[in-house]
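Engineer: The following comprises the amino acid sequence and a computationally predicted model.
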Amino acid sequence: MKDLVKKFGNITAVSSVNIDVDSGEFMTLLGPSGCGKTTILSMILGILEPTSGSISFDGQVISQTPMNKRDVGMVFQNYALFPHMTVAQNVAFGLDMRKVPKEEKERRVKQVLEMVQLSDLAARFPKELSGGQQQRVALARALVIRPKVLLLDEPLSNLDAKLRKEMRIQLKRLHEEVGITTIYVTHDLEEALSLSTKVAVMSKGIVRQIGSPQEIFLQPKNHFVANFVGYGNFIHGKLKKEIDKYFVFEADKGFTLRVRKNGHHRVGDSVILTIKPENVKIVGEKEEGANCIKGKVLISDYVGSTTSYEILSEKGDILKVNVLGLEPLPQNHTINLYLAPESLLILDK
Ligand code: ADP
Ligand code: MG
């Protein structure tokens, strides 16, 4: 996808998106509802035309090619099965459209139904199937045309939590077996991390970061991605000086923190420091010195295995802290926090 843009009137749904997907890759578009994920899939499938920019397969621009000549299979969020057709007829649909001879058609339908473990249900109608079974029919219908690219639009979001996890593992296995280039769409971080070889994190039509699941999770590059992967605390300020492996950071609110160097930052940069709530430590009240922040408990949310706190610091920042398995501290309790220099991450402002 090169400089891909889609506008609906005044709304820019997709804003200058550049994404390369390698052959055999499992690429996920990850982002909140409304960020443009389905619009991108629709342009790849060919049911929407880009406002500008282009889409290419193997170096050939296909954004003007008619849909049925693109070799793209898609599983829609609501599956979009034909209710009056049996499972086998639904799966055969794309082969009928492509005028595949009867014998070959039957062979391929049989093969793909085996792949998704639906052979026994070939004669049923969609309404006689569970949600998970319908989802597999939709998957079989997309795979039977042997597409160059498989598009999956939130395929697990209509399933209950337990089934979602099972289907996730099945999808992963299927991708490993078939090796088909896949573009997957989800708003679910765990799904994206578990399935993907590469993740593009999006918000408001813009790709905010592309990387491996580990890069996205451990080295978010900006506020949006950091927040999305669970960094809850953001402190604005400036890098003042370096002391071997560390920077001394001065917060706009006038306190200093040591932070381990990471990325490309230099003394003088205006930056945001971030830390995950589970990496903030509660320490003894007597402990003083570098990277300790005093405050008091505003909110304490006990959910059994962990307690989540919102702490109001002396300087007026609100810090989020998650603690494993302690007895919860009451409201207004004074508390001393330690933000380890290794747990802090520097983000561009
Ligand atoms: P996502 O799939 O990430 O939830 P979409 O791609 O469906 O997001 O939508 C992106 C933005 O484009 C949203 O603001 C949505 O309201 C808008 N949009 C999508 N399709 C249309 C359309 N046909 N007409 C007008 N606006 C649209
Ligand atoms: Mg969508």
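Structural biologist: That came in fine, so what should we check first? Ligands and ions are numbered 1, 2, ... in the order given.

Engineer: what about the helices in the stretch 151-300 of the chain?
Structural biologist: 161-178, 189-195, 213-218, 223-228 (DSSP state H, counting those that start in this stretch).

Engineer: tell me which residues of the helix or strand of the chain with the lowest mean pLDDT are tucked away?
Structural biologist: Ranked by mean pLDDT, DSSP states H and E, the weakest helix or strand in the chain is helix 161-178, scoring a mean of 87. Of all the residues in helix 161-178, those buried under the rule 16 or more other Cβ atoms under 10 Å are 164, 167, 168, 170, 171, 174, 175. From N, CA and C alone the C-beta is placed, and that goes for glycine too.

Engineer: contacts for it?
Structural biologist: Applying Cβ atoms under 8 Å, 6 or more residues apart in numbering, the contact partners of helix 161-178 are 26, 115-116, 131-132, 135, 139, 143, 152, 155-157, 159, 182, 191, 194-195.

Engineer: burial of residue 90, as a residue count?
Structural biologist: 25 (other Cβ atoms under 10 Å).

Engineer: how close does it sit to ligand 1?
Structural biologist: 24 Å (Cβ to the nearest ligand atom, to the nearest Å).

Engineer: quick one on the thing from earlier: could you dump the least confident helix or strand of the chain to CSV, C-alpha only?
Structural biologist: Output of helix 161-178 as CSV, limited to C-alpha atoms (Å, rounded to 0.1, in the frame of the first residue of the first chain):
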residue,chain,number,x,y,z
ALA,A,161,-14.3,-15.6,25.1
LYS,A,162,-13.5,-19.3,25.3
LEU,A,163,-14.3,-20.1,21.7
ARG,A,164,-12.4,-17.0,20.6
LYS,A,165,-9.2,-18.4,22.1
GLU,A,166,-9.7,-21.8,20.6
MET,A,167,-10.4,-20.3,17.1
ARG,A,168,-7.3,-18.1,17.5
ILE,A,169,-5.2,-21.1,18.0
GLN,A,170,-6.8,-22.8,15.0
LEU,A,171,-6.2,-19.8,12.8
LYS,A,172,-2.6,-19.7,13.8
ARG,A,173,-2.2,-23.4,13.0
LEU,A,174,-4.0,-22.9,9.6
HIS,A,175,-1.7,-20.1,8.7
GLU,A,176,1.3,-22.2,9.6
GLU,A,177,0.0,-25.1,7.5
VAL,A,178,-1.2,-23.1,4.4
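
Engineer: Count the residues that sit near the closest residue to residue 2 other than its chain neighbours.
Structural biologist: Spatial nearest neighbour of residue 2, excluding adjacent residues (Cβ to Cβ, 6 or more residues apart in numbering): residue 54 at 5.1 Å. Applying other Cβ under 10 Å, we find 14 residues neighbouring residue 54.

Engineer: Show the contacting residues for residue 273.
Structural biologist: Applying Cβ under 8 Å, 6+ apart, the residues contacting residue 273 are 234, 235, 237, 249, 251, 257, 259, 344, 345, 346, 347.

Engineer: wait, doesn't the second one sit right on residue 257?
Structural biologist: Yes: using Cβ atoms under 8 Å, residue 235 is in contact with residue 257, at 7.4 Å.

Engineer: list residues touching both of the two?
Structural biologist: 249, 251, 273.

Engineer: tell me which of those residues is nearest to ligand 1?
Structural biologist: The shortest approach to ligand 1 among those belongs to residue 273, at 29.7 Å (Cβ to the nearest ligand atom).

Engineer: Now the closest one: closest residue in space that isn't a chain neighbour?
Structural biologist: residue 235 (4.6 Å).

Engineer: What's the mean pLDDT across stretch 327-334?
Structural biologist: For stretch 327-334, mean pLDDT rounds to 89.

Engineer: Dump that stretch to CSV, restricted to CA.
Structural biologist: C-alpha atoms of stretch 327-334 as CSV (Å, rounded to 0.1, in the frame of the first residue of the first chain):
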residue,chain,number,x,y,z
GLU,A,327,-4.0,-6.3,51.0
PRO,A,328,-5.4,-3.2,49.4
LEU,A,329,-4.4,0.2,50.8
PRO,A,330,-7.3,2.5,51.9
GLN,A,331,-8.1,5.9,50.3
ASN,A,332,-5.9,8.8,51.4
HIS,A,333,-3.2,6.5,52.7
THR,A,334,0.2,8.1,52.1
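
Engineer: For that stretch, buried residues please.
Structural biologist: 328, 329.
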